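Engineer: build me a structure from this.
(one chain, ligands or ions: 1)
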Amino acid sequence: MGESSYLEQLFSLRGQVALVTGAARGIGQTVAFGLARAGAEVCALDRLDAGATVKSIQDAGGRAFSLTADVTDEAQVEAAATEVIRRTGRIDIVFNNAGIGPHKAATEMSAAEWRQVVDVNLTGVFLVARATGRLMIERGIRGSIINMASMSATIVNVPQLQAAYNASKAGVRHLSKTLAVEWAPYGIRVNSLSPGYIATPMVVGISPEMKQAWESRIPLRRMGTPEELVGAVIYLASGAASYTSGHDLVADGGYTCL
Ligand code: NDP
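Structural biologist: Numbering: from 1, shown residues only. Next up, the predicted model:
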């Protein structure tokens with residue numbers, strides 16, 4: 001009992017290829033590194049260069065390469081997914097993570113600003129899932145797609161105003177459940193991840209008052225770190241979650257309990 005090989009077998013991603021979007025920084029960068037440590041070869045995709053993520057993985061002895069694509073651009077997404085197959089022959093895991101989170105009152109938000117948030121956070125997730133799901137289906141790969149939602153898919157954050165973000169993330173959560181059902185016949189699992197506040201470049205610009213307002217509402221009384229999401233993604237990606245599909249995994253320090 002207690003052999004490390006048992007845990008290794010349960011959670012190992014060895015021999016698998018993982019595509020991570022928004023991998024140049026923040027949660028995507030940290031999770032890409034974690035997936036590589038669990039054995040996956042990682043394609044770090046971002047709008048700009050994710051070379052630093054690739055270098056950190058390679059320096060630690062892992063396998064990775066980067067691709068640039070804007071997840072809102074259908075042709076770029078299709079080309080990137082095809083390129084992953086061309087280079088590695090497979091895509092087993094997708095961490096569909098790229099996203100933006102502007103704060104703006106609904107009354108002040110232009111249609112173009114609304115569309116941009118929905119385009120990146122929801123349509124981008126759909127385009128990446130569609131491109132990679134198709135390739136998995138064509139090749140008979142029983143893959144795992146993990147879409148980045150948020151606790152904002154369920155609750156309304158305060159005091160900041162972010163109607164478009166909340167609506168887009170609620171869309172991601174339900175899109176994930178829908179694809180989980182649609183692609184279950186192919187053995188493809190689709191889940192979503194819903195973090196609470198995580199200290200990344202997306203949120204470092206907030207005022208001390210805002211930080212205090214957030215942390216006072218979190219039962220664990222602190223923001224999370226990107227490292228605290230790695231295990232959740234590895235779990236959903238791995239054989240340990242082979243019977244888990246259509247689930248929304250919440251990692252929020254207890255925020256949504258209140
Ligand atoms: P960051 O802003 O730190 O990183 C997001 C990455 O996504 C950046 O590298 C960004 O590139 C990239 N990106 C943005 N738009 C596109 C696009 N159109 N195409 C390709 N890449 C793009 O954010 P986080 O790491 O904090 O967030 C990652 C995900 O987690 C997001 O979906 C976010 O909504 C979600 N999330 C974050 C939480 C948090 O508290 N931080 C909480 C819950 C969910 P660029 O630098 O060029 O913009």
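Engineer: C-alpha coordinates for stretch 7-24, CSV please?
Structural biologist: Output of stretch 7-24 as CSV, limited to C-alpha atoms (Å, rounded to 0.1, in the frame of the first residue of the first chain):
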residue,chain,number,x,y,z
LEU,A,7,-0.6,7.7,-7.8
GLU,A,8,1.6,8.1,-10.8
GLN,A,9,-0.5,5.7,-12.9
LEU,A,10,-3.7,7.4,-11.7
PHE,A,11,-2.6,10.9,-12.6
SER,A,12,0.2,10.5,-15.1
LEU,A,13,-0.2,12.3,-18.4
ARG,A,14,2.9,10.6,-19.9
GLY,A,15,2.6,10.2,-23.7
GLN,A,16,-0.2,12.7,-24.0
VAL,A,17,-0.2,16.1,-25.8
ALA,A,18,-1.8,19.1,-24.1
LEU,A,19,-2.9,22.3,-25.8
VAL,A,20,-3.0,25.3,-23.4
THR,A,21,-4.4,28.6,-24.5
GLY,A,22,-3.5,31.9,-22.8
ALA,A,23,-0.3,30.1,-21.9
ALA,A,24,2.1,33.2,-22.0
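Engineer: pull out the buried residues from that stretch.
Structural biologist: Judged by neighbour count using 16 or more other CB atoms under 10 Å, the buried positions of stretch 7-24 are 11-13, 16-24. Where you see a C-beta, it was placed from the backbone N, CA and C, and this is true even at glycine.
Engineer: with stretch 152-167 instead?
Structural biologist: Buried residues in stretch 152-167, counted by 16+ other CB under 10 Å: 152-155, 157, 161-162, 164-167.
Engineer: could you do stretch 35-55 as well?
Structural biologist: Across stretch 35-55, burial judged by 16+ other CB under 10 Å covers 35-47, 50, 53-54.
Engineer: try stretch 54-61
Structural biologist: Taking 16+ other CB under 10 Å as the basis for neighbour counts, the residues of stretch 54-61 that come out buried are 54, 56-57.
Engineer: and of these, the nearest to the ligand?
Structural biologist: Using CB to the nearest ligand atom, Val54 is the member of the buried residues of stretch 54-61 that lies nearest the ligand, at 13.4 Å.
Engineer: centre of the chain versus the helix or strand encompassing the closest one, how much separation?
Structural biologist: For Val54, the host element (DSSP states H and E) is helix 51-59. Relative to its chain's centre, helix 51-59 lies at 19 Å (CA atoms, centre = their mean, to the nearest Å).
Engineer: other SSEs contacting that helix?
Structural biologist: When contacts are defined as 3 or more CB pairs under 8 Å, 6 or more residues apart in numbering; DSSP states H and E, helix 51-59 sits against helix 26-37, strand 41-46, strand 64-68.
Engineer: which among these is found nearest to the ligand?
Structural biologist: Closest approach to the ligand among those (CB to the nearest ligand atom): helix 26-37, 2.2 Å.
Engineer: which residues are contacting the closest one?
Structural biologist: 13, 18, 20-23, 42, 44, 46, 50, 52-53, 56-57, 60, 62-64, 93, 95, 97-98, 148, 195, 198, 200-202, 226-227, 229-231, 233-234, 237 (CB atoms under 8 Å, 6 or more residues apart in numbering).
Engineer: from these, which are also near the ligand?
Structural biologist: Contacts with the ligand within the contacts of helix 26-37, as defined by CB under 6 Å from any ligand atom: 21-22, 46, 97-98, 148, 195, 198, 200-202.
Engineer: pick the one among these closest to Ser216.
Structural biologist: Closest approach between these and Ser216, by CB to CB: Ile198, at 17.1 Å.
Engineer: let me know the pLDDT of the nearest residue to the closest one once chain neighbours are set aside.
Structural biologist: The shortest distance from Ile198 to any non-neighbouring residue, by CB to CB, 6 or more residues apart in numbering, is to Gly224 (4.8 Å). At Gly224, the pLDDT value in this model is 98.
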